[in-house]
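In: What follows is a predicted structure for the sequence shown.
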Amino acid sequence: MSHGKRAESLFRWRRVGKLSSGDPTPSPTHHTPRNKNPAPMPTLHWLTRDEDVRAAEKTPTRLLEEAPELGYGDRDAGNMLIQGDNLEALKALLPYYAGQVKCIYIDPPYNTGAAFEHYDDKLEHSMWLAIMWPRLELLRELLAEDGSIWVSIDDREAHYLKIILDEVFGRNDFLANVVWQKRYSREIRACRQLARNNAYQKCLLGPEAALEVSFDAGFRFFDGVYGDVSKYSGNYKFSRHFMGPDHVPAFDGAPGGEEEQCAMVIDSFPGVKYWTRNVARHSKSFSLPTATDKFYPDFVALMEDGRLLVVEYKGQDRAPDNSSDAREKQLISEAWARVSGGKAVFVMATMARKDPGEIHQTIHGALQKPTD
């Protein structure tokens, strides 16, 4: 293993007998040897080892108490969620499941030195070993003869854990390390995202795509739709905003910025009955699906002729030619407008020359374009 990797190790133990209260500490000599003179096994020693290897034996067996009010489903299915100390919980499971569990997965503390909300991951090394040993012993007792145990761990304790697992489960029954190299995780996510994008675009935008649009549950203009959001505090008085000039939701960017200028163009555009700022992530806002999320265009307007005009403003650096995200949103929105039967028009506007007249021309061109 090398730095930057997380190892997940698979161990399998073959049952040769159960420990009783008088049995000695388990060691490789208690497993059926593969030859008459097995090689000596390395063992790990720490300050409290002699006490720790008997901790499982000394742990009291407690009764499990059912909480019916927290249960769900078939109570005879055998599924349990146990709250309490995990050492005592494992001991309590032995009368029910000893030698019957086919697969065990544990994710013990990595001992990273960090402090998390629910536990402190900063233990003195011998204390970490003292915690692990008795729990591994009880897990071994639960494991079926043909069962396996998986353990997630990283480099800080992986090598020490391997030694005590060899002692408890038998070195010859170790199967493999499965190593995940974290530095590749970004590339893996990128590959997965590319595959999702390709599949999504094929389904929605491909030549065989059959899209359907319903306006029955679409965007609705109504008083108070954005009563719970911050309001625009600039000097311009919008005359066609649906909720009036004093209830315009705040714009993104600096006062007087490009998004505000786009709103001014829409407010003064001939044929606009009323409009609103479409607030991103708001439960009442208009949205379209993307491959990974939802897209909330900046503005929604109702035209005098009954058409819905949806406008997204992009700065020149985030225009479709410069951004794959913007290009995906443009393609999806244009496909939505195309199959709306002339009920909707989508515009992705920008100002390459910092001239609001460019937005006016883009909207005008889209509204004049004949429907398919």
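Out: Perfect, I can see it now. Predicted model only: the values in this text are computed from it and were never measured.
In: Against S233, how distant is H247?
Out: 12 Å (Cβ to Cβ, to the nearest Å). C-beta: built from backbone N, CA, C; applies to glycine.
In: Neighbour count: those two, which is higher?
Out: H247 (19 against 9; other Cβ atoms under 10 Å).
In: Next, work out how far apart the more buried one and K58 are.
Out: For H247, the distance to K58 - Cβ to Cβ - is 70 Å.
In: Helices of the protein, residue ranges please.
Out: 49-52, 55-58, 86-97, 125-142, 158-169, 185-205, 258-268, 324-338, 357-368 (DSSP state H).
In: any chance of the ones you listed in a markdown table, plus distance to P42 and mean pLDDT?
Out: Converted to a markdown table, the helices of the chain look like this (distance: least, Cβ to Cβ, whole Å; pLDDT from 0 to 100):
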| stretch | distance to P42 | mean pLDDT |
| --- | --- | --- |
| helix 49-52 | 14 | 93 |
| helix 55-58 | 22 | 94 |
| helix 86-97 | 26 | 94 |
| helix 125-142 | 14 | 95 |
| helix 158-169 | 6 | 92 |
| helix 185-205 | 33 | 69 |
| helix 258-268 | 67 | 97 |
| helix 324-338 | 54 | 88 |
| helix 357-368 | 74 | 96 |
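In: Among those, which comes closest to V178?
Out: helix 158-169 (12.0 Å; Cβ to Cβ).
In: Tell me which other helices or strands that closest one touches.
Out: strand 5-11, helix 125-142, strand 143-154, strand 174-181 (3 or more Cβ pairs under 8 Å, 6 or more residues apart in numbering; DSSP states H and E).
In: just the ones you listed: most buried one?
Out: Mean neighbours per residue, mean count of other Cβ atoms under 10 Å, is largest over the helices and strands packed on helix 158-169 for helix 125-142, with a mean of 20.
In: Any idea how far that helix is from the middle of the chain?
Out: 31 Å (Cα atoms, centre = their mean, to the nearest Å).
In: likewise stretch 45-61?
Out: With Cα atoms, centre = their mean, you get 39 Å for stretch 45-61.
In: what does that stretch contact?
Out: 19, 21, 25, 87-88, 91-92, 94-95, 125-126, 129-130, 133-135, 137-138 (Cβ atoms under 8 Å, 6 or more residues apart in numbering).
In: rewinding a little: can I get the helices of the chain in TSV with distance to I104?
Out: Shown next, in TSV, are the helices of the chain (distance: least, Cβ to Cβ, whole Å):
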stretch	distance to I104
helix 49-52	20
helix 55-58	15
helix 86-97	10
helix 125-142	6
helix 158-169	11
helix 185-205	26
helix 258-268	55
helix 324-338	43
helix 357-368	61
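In: Which of those sits closest to P108?
Out: Among the helices of the chain, helix 125-142 sits nearest to P108 (Cβ to Cβ), with 6.3 Å.
In: between that closest one and strand 143-154, how many degrees?
Out: Interaxial angle, helix 125-142 versus strand 143-154 (axes from the mean of the first three to the mean of the last three Cα atoms, to 10 degrees): 150 degrees.
In: Please export the C-alpha coordinates of helix 125-142 as PDB.
Out: Provided in PDB are the C-alpha atoms of helix 125-142 (Å, rounded to 0.1, in the frame of the first residue of the first chain):
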ATOM      1  CA  HIS A 125      -2.400   3.000  19.400                       C
ATOM      2  CA  SER A 126      -2.500   0.300  22.100                       C
ATOM      3  CA  MET A 127      -6.000   1.500  23.100                       C
ATOM      4  CA  TRP A 128      -7.100   1.000  19.400                       C
ATOM      5  CA  LEU A 129      -5.700  -2.500  19.500                       C
ATOM      6  CA  ALA A 130      -7.400  -3.200  22.800                       C
ATOM      7  CA  ILE A 131     -10.800  -2.100  21.300                       C
ATOM      8  CA  MET A 132     -10.400  -4.200  18.100                       C
ATOM      9  CA  TRP A 133      -9.300  -7.600  19.500                       C
ATOM     10  CA  PRO A 134     -12.400  -8.600  21.600                       C
ATOM     11  CA  ARG A 135     -14.700  -7.500  18.900                       C
ATOM     12  CA  LEU A 136     -12.900  -9.500  16.200                       C
ATOM     13  CA  GLU A 137     -13.100 -12.500  18.500                       C
ATOM     14  CA  LEU A 138     -16.900 -12.200  18.800                       C
ATOM     15  CA  LEU A 139     -17.300 -11.700  15.100                       C
ATOM     16  CA  ARG A 140     -15.300 -14.900  14.500                       C
ATOM     17  CA  GLU A 141     -17.800 -16.800  16.700                       C
ATOM     18  CA  LEU A 142     -20.700 -15.400  14.700                       C
END
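In: what angle do that helix and helix 86-97 make?
Out: Using the same axes, to 10 degrees, helix 125-142 lies at 10 degrees relative to helix 86-97.
In: What helices and strands are in contact with helix 125-142?
Out: Using 3+ Cβ pairs under 8 Å, 6+ apart, helix 125-142 is in contact with helix 49-52, helix 55-58, helix 86-97, strand 101-106, helix 158-169.
In: Quick one: residues in contact with that helix.
Out: So helix 125-142 is contacted by 13, 18-19, 26, 44, 46-49, 51-53, 55-56, 59, 86-87, 90-91, 93-94, 97-101, 104, 106, 108-109, 111, 123, 149, 157, 160-161, 164-165, 168-169 (Cβ under 8 Å, 6+ apart).
In: Over to stretch 361-372?
Out: 265-266, 269, 271, 303, 307, 309, 311, 338, 341-342, 345-347, 349-350.
In: Pull out the buried residues from it.
Out: By neighbour count with 16 or more other Cβ atoms under 10 Å, stretch 361-372 contains the buried residues 362-363, 366-367.
In: How far off centre is that stretch?
Out: 40 Å.
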